[in-house]
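Chemist: Mind folding the following:
(one chain, ligands or ions: 1)
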Amino acid sequence: MLLVSRPIKRGLHGQVQVPGDKSISHRAAMLASFAHGRSCVYGWLQAADTQATLAACEQLGATVQWRGDEQSPVLQIDGCGGRFTNTDVRLDLGNAGTGVRLLLGLLAGQHCRIELCGDASLSRRPMGRILRPLLQMGAQFATADGVPVDHEQEYRLPLVSLGPGNEPLRGIEYRMPIASAQVQAAVLLAGMQADGVTTVIQPGECRDHSERMLRHFGANIERLDASTLQIRQAPLQAADVVVPADISSASFLLAAATLQPGSDVRLPGIGVNPSRNGILRVLQRMGAEVEQGSVSTAAEPVCDLRARAARLHGIDIPEQWVPNCIDEFPIIMAMAALAEGTTRVRGAAELRVKESDRLAVMSEALSRLGVVLEEYDDGVDVIGLAAADGELQGGRVDAHGDHRIAMSMAVLGMRAAAPVEIANAEEIATSYPQFVAQMNQLGADLQWQ
Ligand code: S3P
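Modeler: Numbers count the residues shown, from 1 in each chain. All right, here's what the predicted structure looks like:
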């Protein structure tokens with residue numbers, strides 16, 4: 001199947017309710033499943049990635065029930081009380097990188113034999129970054145054919161988590177080599193089950209959803225300074241969670257409204273956690289008109305956003321901003337293609353190990369639409385077509401099964417001279433199943449063919 005995005009003449013108009021935050025939904029499912037007691041989760045993202053995590057939690061022994069009605073479903077989870085009851089299962093995490101990496105941390109403290117696998121894309125992604133600190137804490141892992149995992153090599157799925165062996169996990173001081181929220185989360189989830197203190201030192205800011213949610217579930221976690229977190233053993237207690245709308249999903253709508261002349265789009269209740277809202281800074285610096293309503297902060301800061309059409313210019317993206325908007329680079333590159341001047345990104349080699357090699361796949365797709373760019377090992381220069389009064393061509397591109405690339409190309413199709421046909425776009429369902437319907441509701445012309 002191809003996703004076809006046809007050029008549109010009018011602006012995008014209206015309001016849509018963007019679905020729940022993927023990062024927060026994964027964490028809510030896992031912490032509620034591990035805690036003592038019954039938790040209710042409001043606004044939980046129902047998409048393929050988070051469903052894979054929830055199914056894994058059920059397989060491990062959590063009891064999951066849906067309450068409420070179709071308009072406002074409530075996810076009710078009875079947790080396992082700190083010990084998973086099913087100790088010999090095989091979990092298929094599909095495309096869910098966050099699901100598998102955080103589960104590796106949680107399972108590290110559990111006396112279980114759990115096999116973890118995923119789809120072709122997830123099976124290509126590096127897992128050594130997660131396994132190394134967990135091995136230091138005393139957790140044991142093996143490859144699917146039974147070879148013990150060591151510190152030296154890179155590993156990929158399938159993997160088997162064997163738990164801590166005869167000794168309990170021990171706390172460590174871990175200096176993360178990369179600013180990765182997934183690595184930080186995995187170490188914290190193991191650390192809350194370990195003897196002694198676990199200290200995580202991060203080289204740059206990464207999203208702090210784990211810290212916030214662990215605190216919300218009663219974990220003994222402390223922030224020592226901007227880069228250092230400490231966790232000690234403590235049981236998790238059930239808690240209710242309200243999941244804000246996903247700013248990463250919202251970014252496609254913000255970009256579409258910005259790029260399409262005459263647009264005015266409103267998005268209520270978007271999560272704007274400062275460790276995660278770099279896309280808003282990028283949009284502002286490029287000249288977008290995104291208005292933020294007043295921010296309400298419960299466990300996570302949330303506000304309404306409104307985007308109107310604006311002319312964009314190219315910018316140099318500061319390297320320290322990169323982790324803060326790491327998932328938004330496909331749509332940033334798409335916007336850069338229609339901006340005036342050059343947009344430069346460096347220090348973003350992590351983009352090569354996401355759901356696809358996002359630097360390569362986006363560069364290939366943009367080139368097919370006539371965009372001039374130069375790819376570097378850790379970034380890209382995109383030369384905006386507006387500078388040369390150039391026109392974005394239509395044509396066929398390949399999203400390589402990467403949801404965020406598919407959605408970025410769909411946004412560009414609206415401004416191209418001819419339809420953009422996107423192959424391997426079905427994975428949009430991993431994070432934003434309502435994307436096509438919501439875009440069309442605002443005035444886009446997207447169709448599966
Ligand atoms: C995520 C962290 C990021 C991000 C991913 C979700 C999370 O990955 O790209 O989509 O929920 O912790 P890294 O931690 O590997 O940068």
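Chemist: only C-alpha atoms for contact and neighbour calcs from this point on.
Modeler: OK.
Chemist: just how off-centre is stretch 385-395 within its chain?
Modeler: Chain-centre distance of stretch 385-395: 30 Å, with C-alpha atoms, centre = their mean, to the nearest Å.
Chemist: er, stretch 113-130 actually
Modeler: Worked out by C-alpha atoms, centre = their mean, stretch 113-130 lies 16 Å from the chain centre.
Chemist: State the mean pLDDT of it.
Modeler: In this model, stretch 113-130 has a mean pLDDT of 97.
Chemist: ditto for stretch 171-179
Modeler: Mean predicted lDDT for stretch 171-179 stands at 97.
Chemist: now check it, is it near the ligand?
Modeler: No. Using C-alpha under 6 Å from any ligand atom, stretch 171-179 stays clear of the ligand, with a minimum separation of 6.6 Å.
Chemist: Tell me the buried residues in that stretch?
Modeler: Applying a neighbour-count criterion of 16 or more other C-alpha atoms under 10 Å, the buried positions in stretch 171-179 are G171, I172, E173, Y174, M176, A179.
Chemist: count of neighbours near A298?
Modeler: Neighbourhood size, A298 [other C-alpha atoms under 10 Å]: 9.
Chemist: now swap in A226 and tell me
Modeler: A226, neighbours per other C-alpha under 10 Å, totals 11.
Chemist: Against G204, how distant is it?
Modeler: Using C-alpha to C-alpha, to the nearest Å, one gets 9 Å for the distance from A226 to G204.
Chemist: Show me what from the chain comes close to the ligand.
Modeler: S23, T98, S180, A181, Q182, I326, D327.
Chemist: from the residues you listed, which ones fall inside strands?
Modeler: Among these, no member falls in strands (DSSP state E).
Chemist: Quick check: the two most widely separated of those?
Modeler: T98 and I326 (13.7 Å; C-alpha to C-alpha).
Chemist: nearest to the ligand, of the buried residues of stretch 171-179?
Modeler: A179 (6.6 Å; C-alpha to the nearest ligand atom).
Chemist: Would you state the helices of the stretch 101-250 of the chain in chain order?
Modeler: Taking DSSP state H, counting those that start in this stretch as the test, the helices found in the stretch 101-250 of the chain are 128-136, 181-191, 209-216, 247-259.
Chemist: What lies in contact with the first one?
Modeler: Right, the one you point to is helix 128-136. Helix 128-136 is contacted by residues 101, 104-105, 108, 140-141, 150-151, 153-156, 172, 174, 182-183, 186-187, 190 when judged by C-alpha atoms under 8 Å, 6 or more residues apart in numbering.
Chemist: Same list (the helices of the stretch 101-250 of the chain) but as a markdown table, adding mean neighbour count.
Modeler: Converted to a markdown table, the helices of the stretch 101-250 of the chain look like this (neighbours: other C-alpha atoms under 10 Å):
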| stretch | mean neighbour count |
| --- | --- |
| helix 128-136 | 21 |
| helix 181-191 | 27 |
| helix 209-216 | 19 |
| helix 247-259 | 26 |
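Chemist: Dump those helices to TSV, plus distance to Q438.
Modeler: Formatted as TSV, the helices of the stretch 101-250 of the chain follow (distance: least, C-alpha to C-alpha, whole Å):
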stretch	distance to Q438
helix 128-136	36
helix 181-191	29
helix 209-216	26
helix 247-259	9
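Chemist: closest to R415 out of the ones you listed?
Modeler: Nearest of the helices of the stretch 101-250 of the chain (C-alpha to C-alpha): helix 247-259, 7.5 Å.
Chemist: and the helix or strand following the closest one with helix 247-259, angle?
Modeler: Following helix 247-259 in sequence order, the next helix or strand is strand 264-271 (DSSP states H and E). Interaxial angle, strand 264-271 versus helix 247-259 (axes from the mean of the first three to the mean of the last three C-alpha atoms, to 10 degrees): 160 degrees.
Chemist: mind listing the strands for the stretch 1-150 of the chain?
Modeler: Applying DSSP state E, counting those that start in this stretch to the stretch 1-150 of the chain gives strands spanning 2-5, 13-15, 38-42, 63-68, 73-78, 88-92, 113-117, 140-143.
Chemist: Would you mind checking the average pLDDT for the fourth one?
Modeler: What it means is strand 63-68. The model assigns strand 63-68 a mean pLDDT of 97.
Chemist: try the last one
Modeler: In this model, strand 140-143 has an average pLDDT of 98.
Chemist: That strand - contacts with which helices or strands?
Modeler: Judged by 3 or more C-alpha pairs under 8 Å, 6 or more residues apart in numbering; DSSP states H and E, strand 140-143 is in contact with helix 128-136, strand 159-163.
Chemist: ok, 7 Å please
Modeler: For strand 140-143, the packing partners by 3 or more C-alpha pairs under 7 Å, 6 or more residues apart in numbering; DSSP states H and E come out as strand 159-163.
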